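*Asks:* need coordinates for the following:
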Amino acid sequence: MCISTNENDEIHFPLSARIEKINNFCYGDEKGSIEIIPTGGVGTYHYEIQNTVTGEIYGPKDTRTFQNLPAGTYNAMVHDDNETYTVNNITITQPENALLLEEINQTPLVCFGGSNATATVEASGGTAPYTIVWDHISQTSTETTGTANNLSAGTYSVNVF
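*Replies:* Down below sits the predicted model:
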């Protein structure tokens, strides 16, 4: 902290920054974000980040949020009019594995024209909890396994969120 005994002197606090981030929810996504929130310093702020693996630099720019980032480690920098800056290592993560959907069980119709078949799928990878939604039927599951019951002959599709 700077201290002045002259009432006409401006008091300037050292530049520092706080970081907020959003990780990628799906494997391979590029939807992560980093927000650099500065305090102190002098004048206008300029922001940039650098991927520590690829060396790619984003910025400098006048807005403090960087979006559409892949998983990785970044150096975040904020510059003020005195060219001072702070650097923070930020890691944007992603799930270890891609979301997988596997059919694990299917029970056929007992009689022609019936509606007593079932189909069961299991989700893994990605980011749990999952929501398993069967199209054209009103059955939804929030477990890792989703079963559609009382199916008649036909083609069904399932979505996992």
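*Asks:* which stretches of the protein have low pLDDT?
*Replies:* Low-confidence segments of the chain (pLDDT under 70): 1-9, 136, 138-145.
*Asks:* determine which residue lies closest to the centroid of it.
*Replies:* Asn24 (2.6 Å; C-alpha atoms, centre = their mean).
*Asks:* separation between that residue and Thr147?
*Replies:* In this view, Asn24 and Thr147 are 30 Å apart by C-beta to C-beta, to the nearest Å. To be clear about C-beta, it is placed using only N, CA and C from the backbone, and glycine gets the same treatment.
*Asks:* so which residues make contact with stretch 99-118?
*Replies:* 26-27, 119-127, 145, 147-153, 158, 160 (C-beta atoms under 8 Å, 6 or more residues apart in numbering).
*Asks:* next one: stretch 18-31
*Replies:* Taking contacts as C-beta under 8 Å, 6+ apart, the residues outside stretch 18-31 that touch it are 32-37, 39, 67-71, 76, 88, 90, 92-99, 125-127.
*Asks:* what's the domain layout of the protein?
*Replies:* 16-92, 100-160 (automatic domain parsing).
*Asks:* between those domains, which one is closest to Glu10.
*Replies:* domain 16-92 (8.4 Å; C-beta to C-beta).
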